[in-house]
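> My questions are about this predicted structure, shown below with the sequence.
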Amino acid sequence: MPSHTFVVYVEDRPGVLNRVASLCRRRGFNIESLAVGHAETPGVSRMTIVVETDAAGARRIEANLAKLVNVLQVQNITDVPTVSRDLVMIKVAADAAARAHLMQLVDVFRARIVDVAPRSVVIEMTGTEDKIDGFLEVLRPYGVLELVRTGRVAMVRGHVPAVRTGTAGEDTPADEATHSV
Amino acid sequence: MQGSPPIQAMTRTGAQILWECLLREGVTDVFGYPGGAILPAYDAMLDYPIRHVLARHEQGATHMADGYARASGRVGVAIATSGPGATNMVTGIATAMMDSSPLVCITGQVGSRLIGTDAFQETDITGITLPITKHNYLVTRADEVAPALREAFHIARTGRPGPVLVDITKDAQQASADFDWDAAAPRLRGCRPPAPPDPAVCARALELLNIAERPLTLAGHGLQLAGAEPALRALAERAGIPVATTLLGIGAFPASHPLNLGMLGMHGEAWVNQAVQEADLLVALGMRFDDRVTGNLKTFAPRARKIHVDVDPAEIGKNVRVDVGLVADLGAALAALLPGVLPVDRTRWLSRIHTLKGDAAVRDIQQLPDDGHLYAAHVMHDLWRATGGDAVVVTDVGQHQMWEAQYYRHETPRSLITSGGLGTMGFALPAAIGVRLARPDAEVWAVAGDGGFQMTMAELATIVQERLDVKIAVVNNGYLGMVRQWQEFFYGRRYVATPLVNPDFARLAEAFGIPAVTVRARADVVPVVRAVRARRGPALVEFQVEQEDSVFPMVPAGASLDEMIRRPSPIVETGADA
């Protein structure tokens, strides 16, 4: 099944992440990745949610997310040109001999070494998931000791005025709320 | 507090703010059960002109508030303490959620400093009810009480209605805060009122409607929630479109109207289900294509285009792919459509449906002689006759519920109150108490089976304590009848855990102080019902009916709507069911 990527603006309040995650679970959708952080407006958080589902499922999840009281805006950006990134930190076993090889690989993949210890290095890399997966394959023979990924964050390219969150207290225009099939 | 000028914000305790808010929301009755964590709220209640109905179980209190809401269209309010009080509400809240009933449930919570410590009677009720409420709140400060309650009432009754839970810690009830009603107005940036109907979508709907030769309207609960029954009637009459109703749609269209076909679905009328399969257009209004309505989705209405009108965008295309989905308030949608509806001659289609009725009338148990037996279907039919069809009937869940839907003819909206989506046994008796308070003018009948009645029969005490005129019919067949029917049809008559050894219901009611009578013969049904009606005050009538009767027609789960098990025709009847 294809992946669908949603940008969800939510009120920055306790429990909102739980509501979003609970809705996905309860409606039988498996979350592939979910990243959340502050958005451009104070009091508003932005989630990037990747869900494995078909087109009908994507419509269903969009409509159900929009019904949550704390959700301000939902946009399915799957078929829109986007910039999409994942950030990874990888701790790789590296003695003095391996370090030089690793530094070459890091250069090739445009990653960065952010910590060096006698027997390991921490590499940071930002990129699409494919690129990061490719890098990981190359690193595995050296011994990946630890790995952490943020999950996908995505933004629509160019000036797309579709997503509006308003400022605190301002009403959100209702046009996006109309779903006609 | 005394003598403070009215212009200034008033200082009140959180508990007082709670009641101030309920008063201003127009609440006159609440249903509840006290306990430690909600005691400050109960203590403050004495000073406010709000009637409190003391239930015998918090599930009962929630069903009462639900019945109140369904019968009146106003928000029902239930109140309980923390821990077990709150968890006992869960079934009632889920029932209201499935049937889009506007409720505000208020629970006490342990002191805010104790949250997370597994304190006595602490439970995470906002976590527990997250998937079965429209929204919920945990209030830990007195100044949050008013905003949370105002938002809760707004959310409960706006758009597609539903239950909202407000969990208030004990210290938030006890602490003081400035109470400013206006400043507490809802600020819900994520809630938008339903948009007006999209003219382009309306135009596409009208295109389909005006060329349809065999259209059928499916009328659901949403019509009654929106008060759009007159608009439905106008549409049906103008376009000459017959109307089938869902279980919760019953009452949205007068039963006696020539265009009313009756109920569709698993226990719908045979000709209605057949008509759905032959229709070339379905106009689905405020219904959600539940599996009990559609049968097998793959073969559902295969020849029909579908127009779906609902206030909830998430319902469009959820179960059935539709050609036109119109998201709007039902009243606004029908008002927008009506001027474009052309009167089309559909007598051929109507006469086809008439033909479909075929031998249905002959098979109808109404036509069968009772032969000295008491059939539950006859009881429902006679209850309808004896009450002149004017009662508000509150049913439980199971066979009697389906017979009620088939044989009690409802002419007016909100006159059948029943748990549809969740199918909650034990609903009838407490819900009828709520209906009684919401509709003081109406005759109220709780109709329950022997199984469901015993789930919440403790509420008989509530009826007595509150001096409520609720008539109760217990349809006793000595079985969990609907489950027994499934065992008969699909499990080789292996009656596992369905026979019931019952108490003497009449003596039980009398022990509570409720006059009771037992009916065993059909000839006694109407006279007993008349006698009970003539007397003010509660009464219980136990009908000892045929033990192994089944509800017909029946579409087996997962089968096509036209694959029905029919009541055997008496002309070829050999005595065996199915």
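Looks like it came in fine.
> Could you chop chain B up by domain?
Annotated domains of chain B cover B:10-184, B:199-357, B:368-544 [automatic domain parsing].
> Also chain A?
If you go by automatic domain parsing, chain A breaks into A:3-79, A:83-153.
> element containing the residue sitting furthest away from the middle of chain A?
Centroid-distance maximum for chain A: A:Ala97 at 35.3 Å, with C-alpha atoms, centre = their mean. Assigned by DSSP states H and E, A:Ala97 belongs to helix A:96-108.
> so does stretch B:316-333 get close to chain A?
Yes - using C-beta under 8 Å from any C-beta of the partner chain, stretch B:316-333 reaches chain A at B:316-318, B:321-322, B:324-327. In this view, the C-beta of every residue, glycine as well, is placed from N, C-alpha and C.
> if we can go back for a sec, possible to save the domains of chain B as CSV with mean pLDDT and mean neighbour count?
Formatted as CSV, the domains of chain B follow (pLDDT from 0 to 100; neighbours: other C-beta atoms under 10 Å in any protein chain shown):
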stretch, mean pLDDT, mean neighbour count
domain B:10-184, 98, 22
domain B:199-357, 96, 21
domain B:368-544, 97, 21
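> What pLDDT is listed against the residue farthest from the centre of chain A?
Model confidence at A:Ala97, given as pLDDT, is 90.
> what about it, distance to chain B?
Using C-beta to the nearest C-beta, to the nearest Å, A:Ala97 is found at 51 Å from chain B.
> Could I get the contacting residues of residue 44?
Just so you know, I chose chain A. A:9-12, A:38, A:72, A:165 (C-beta atoms under 8 Å, 6 or more residues apart in numbering or on different chains).
> Correction: the question concerned chain B.
Neighbours of B:Ala44 in contact, by C-beta under 8 Å, 6+ apart: B:13, B:15-16, B:18-19, B:173.
> Mind putting those into JSON lines with distance to chain A?
JSON lines is the format used below for the contacts of B:Ala44 (distance: C-beta to the nearest C-beta, whole Å):
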{"residue": "B:Thr13", "distance to chain A": "24"}
{"residue": "B:Ala15", "distance to chain A": "24"}
{"residue": "B:Gln16", "distance to chain A": "26"}
{"residue": "B:Leu18", "distance to chain A": "21"}
{"residue": "B:Trp19", "distance to chain A": "24"}
{"residue": "B:Gln173", "distance to chain A": "20"}
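> would you turn those residues into a markdown table with secondary structure and distance to B:Val551?
Below are the contacts of B:Ala44 laid out as a markdown table (DSSP: H, G, I helix; E, B strand; the rest coil; distance: C-beta to C-beta, whole Å):
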| residue | secondary structure | distance to B:Val551 |
| --- | --- | --- |
| B:Thr13 | strand | 53 |
| B:Ala15 | helix | 48 |
| B:Gln16 | helix | 51 |
| B:Leu18 | helix | 45 |
| B:Trp19 | helix | 46 |
| B:Gln173 | helix | 48 |
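> quick one: which of these is nearest to B:Leu437?
For the contacts of B:Ala44, the closest approach to B:Leu437 (C-beta to C-beta) belongs to B:Trp19, at 17.8 Å.
> quick one: the helices in the stretch 451-578 of chain B?
B:460-465, B:481-490, B:505-512, B:522-534 (DSSP state H, counting those that start in this stretch).
> and the longest one, how far out from the chain's middle?
What it means is helix B:522-534. 27 Å (C-alpha atoms, centre = their mean, to the nearest Å).
> Please name every helix or strand in contact with it.
helix B:376-386, strand B:516-519, strand B:539-544 (3 or more C-beta pairs under 8 Å, 6 or more residues apart in numbering or on different chains; DSSP states H and E).
> Distance to chain A for these - can I get that in TSV?
Listed next are the helices and strands packed on helix B:522-534 as TSV, based on distance: least, C-beta to the nearest C-beta, whole Å:
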stretch	distance to chain A
helix B:376-386	37
strand B:516-519	43
strand B:539-544	40
